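Novice: when you get a sec, could you give me coordinates for this:
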Amino acid sequence: MLDIRTIRLEDEGAYREFQRLLQEENNPFISPKILKEGEFAAFVERSKRRETQTDHPDWSTSTNYYAFKVGQMAGRIGCRWQLEKGNLATVGGHIGYVTAPNFRQKGVMTALLDFALERYRERGIRAVLITADETNQASRKTIEKAGGILENNISIEDDKRLARYWIHVN
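Specialist: Here you go, the predicted structure:
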């Protein structure tokens, strides 16, 4: 059973291990910021603040939800609430997510995505844009399983390509 929620101070160890595992992968789409000793409390506070205010006018307010299983952080999904901010309508989309390598192909992201879509439904956001690396078949399959309809594929910097999907929530 997954515990899906926002981050808390007591999650520091699980968060640091999650970030370490992601950093080892060297994925160009995921650049985890490794927090220095003593920065976690500020990170948790900043995460809460970003739900209602941002540090830049082009940034969307956002909420990050984390999935925990047996004390380990299994995944994170970031919900950006204002698609009109910055380049979200083109590149970033409403949602960004990542699963810990040791929890992949175990239904974690399917559960997180279902959870996130319910949060959009509660806010009255009925069309949700999600992008994925064009070559990331696992991510694309997860999006399609949630009802994602491919709008197009676009080129972005450094010859990377993104698949852009819309999910209509009822």
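
Novice: could you use CA atoms for every contact and neighbour count after this?
Specialist: Will do.

Novice: who are the contact partners of residue 73?
Specialist: Listed by C-alpha atoms under 8 Å, 6 or more residues apart in numbering, the contact set of residue 73 reads 14-15, 17-18, 66-67, 100.

Novice: strands - which of the residues you listed land there?
Specialist: Among the contacts of residue 73, the ones falling in strands (DSSP state E) are 66-67.

Novice: filter the contacts of residue 73 to the buried ones?
Specialist: Using 16 or more other C-alpha atoms under 10 Å as the burial test, these include 15, 18, 66-67, 100 as buried.

Novice: which one of the contacts of residue 73 is nearest to residue 35?
Specialist: residue 15 (9.7 Å; C-alpha to C-alpha).

Novice: assign the residue lying closest to the closest one once chain neighbours are set aside to helix, strand or coil.
Specialist: Nearest residue to residue 15, sequence neighbours excluded (C-alpha to C-alpha, 6 or more residues apart in numbering): residue 73, at 6.4 Å. Put simply, residue 73 is strand when judged by DSSP: H, G, I helix; E, B strand; the rest coil.
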